[in-house]
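show me how the following folds:
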Amino acid sequence: MPSEQMAGSAESPSGRRAPLPPLRSGPAAEWVAERARQRSASVPGRTGTAPRPGVGGGTGRVPAAPRTPGRDHPRQPVVAPSADDTGEQRPLDRIDRAIVRLLQQDGRASVRSVAERVHVSRANAYARIARMVEDGVIRGFTARVDHERAGQAASAYITLRIVQNSWRTVRGQLLELPGVEHIALVGGDFDVLLLVHTVDNRALRDLVLNRIQGIPEVLGTNTLLVFEETDRTPVLPD
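Numbers count the residues shown, from 1 in each chain. As a prediction, the model looks like this:
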C-alpha cells in the first residue's frame with residue numbers, strides 16, 4: 001500500500017472526515033456555523049482532499065479540485081455586496097423586508113422556513129440574511145423578556161441634563177451601569193433618555209442617586225416610574 005494511503009487510513013480509519021456537530025435551529029446558529037466552516041476552509045497551507053473508495057475496500061485520498069478564479073467555492077454562499085462603489089448603503093428590496101419581518105416575529109425561525117415563506121431558495125435567503133447582518137441592518141437575534149417575571153420589578157424612564165459636548169463620555173459610563181436597557185440622545189428640555197430595569201425600588205434609587213448622579217458630567221435627572229408597559233412586536237413597513 002502506498003505511504004500516502006497508509007497515512008490517510010491512520011488519520012481517518014473510515015476514510016471520511018469526521019461529521020460536523022449538529023446545528024441548532026435558527027438563522028443565528030446557521031450563520032455562526034457557516035462562518036466557522038468558511039474560516040476553516042481559508043486557513044493558509046491547508047490543501048483540501050476528497051476521500052474516495054479504494055480498490056478492495058481500501059481508502060484513497062486525492063487532491064480536491066483547485067478553485068477556479070472568479071468562481072465561488074461550493075460551500076461558500078454568494079453574498080451580495082452591501083454597498084456600491086460610492087460607499088452608499090444598499091437599500092432593502094421587498095424580499096429583504098419580508099425576511100426582516102419574519103425574523104422580528106420569530107428570531108428562531110430556520111433559514112429554510114424563511115426561504116419557503118418568502119418564496120426564494122435557501123441559498124438566496126441565507127445570502128440575504130448574511131448580507132443584512134454584515135450591513136448592520138440585523139443587529140442580532142435576541143429574546144423579548146417580561147422583566148417583571150424575570151425578577152426586575154422596578155422599571156423607569158430617566159431623563160438627564162448633561163454638560164455640553166459630553167455625550168460620548170456620558171454614554172460610555174452609562175453603558176457600564178446595570179439595568180440600563182436603552183440610551184438615547186434627544187432634543188428638548190433634557191439631553192438623554194434612559195430606560196432602566198432593576199430588582200426593586202431600592203436598587204432603582206441606588207442606580208439614580210449614586211450611580212447616575214455620580215457621573216461628573218450629569219447636571220440633573222428626572223425619574224419617571226413605569227406602572228405598566230406593553231411591548232408591540234415591531235413591523236418593518238413594505
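
what strand or helix carries residue 223?
Counting by DSSP states H and E, the element that carries residue 223 is strand 218-225.

can you dump the C-alpha atoms of that strand in CSV for me?
Extracted in CSV, the C-alpha atoms of strand 218-225 (Å, rounded to 0.1, in the frame of the first residue of the first chain):
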residue,chain,number,x,y,z
VAL,A,218,-24.6,64.8,34.7
LEU,A,219,-26.1,68.1,35.8
GLY,A,220,-29.6,66.7,36.8
THR,A,221,-32.0,63.9,36.5
ASN,A,222,-35.8,63.2,36.5
THR,A,223,-37.2,59.8,37.1
LEU,A,224,-40.5,58.6,35.6
LEU,A,225,-41.7,55.3,37.2
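
in terms of secondary structure, what does it contact?
The contact analysis (3 or more C-beta pairs under 8 Å, 6 or more residues apart in numbering; DSSP states H and E) places strand 218-225 against strand 154-162. For every residue, glycine as well, the C-beta is placed using N, CA and C.

if we go to 10 Å?
Contacts defined by 3 or more C-beta pairs under 10 Å, 6 or more residues apart in numbering; DSSP states H and E place strand 218-225 against strand 154-162, helix 167-174, strand 192-198, helix 201-206.

what lines up beside the first one in the sheet?
If I follow you right, that is strand 154-162. Counting by DSSP bridges, the strands paired with strand 154-162 are strand 192-198 (antiparallel), strand 218-225 (antiparallel).

quick check: which of the helices and strands packed on strand 218-225 is nearest to residue 219?
Nearest to residue 219, of all the helices and strands packed on strand 218-225, is strand 154-162, at 4.5 Å by C-beta to C-beta.

the inter-axis angle of the closest one versus helix 167-174?
When axes from the mean of the first three to the mean of the last three C-alpha atoms, to 10 degrees is applied, the directions of strand 154-162 and helix 167-174 differ by 150 degrees.

may I have strand 154-162 as PDB, with CA atoms only?
Taking Å, rounded to 0.1, in the frame of the first residue of the first chain, the C-alpha atoms of strand 154-162 are listed here in PDB:
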ATOM      1  CA  ALA A 154     -39.000  48.200  39.000                       C
ATOM      2  CA  SER A 155     -38.800  50.000  35.700                       C
ATOM      3  CA  ALA A 156     -38.300  53.700  34.900                       C
ATOM      4  CA  TYR A 157     -37.600  56.200  32.200                       C
ATOM      5  CA  ILE A 158     -34.900  58.600  33.400                       C
ATOM      6  CA  THR A 159     -34.100  62.000  31.800                       C
ATOM      7  CA  LEU A 160     -30.700  63.600  32.100                       C
ATOM      8  CA  ARG A 161     -29.300  67.000  31.600                       C
ATOM      9  CA  ILE A 162     -25.600  66.800  30.800                       C
END
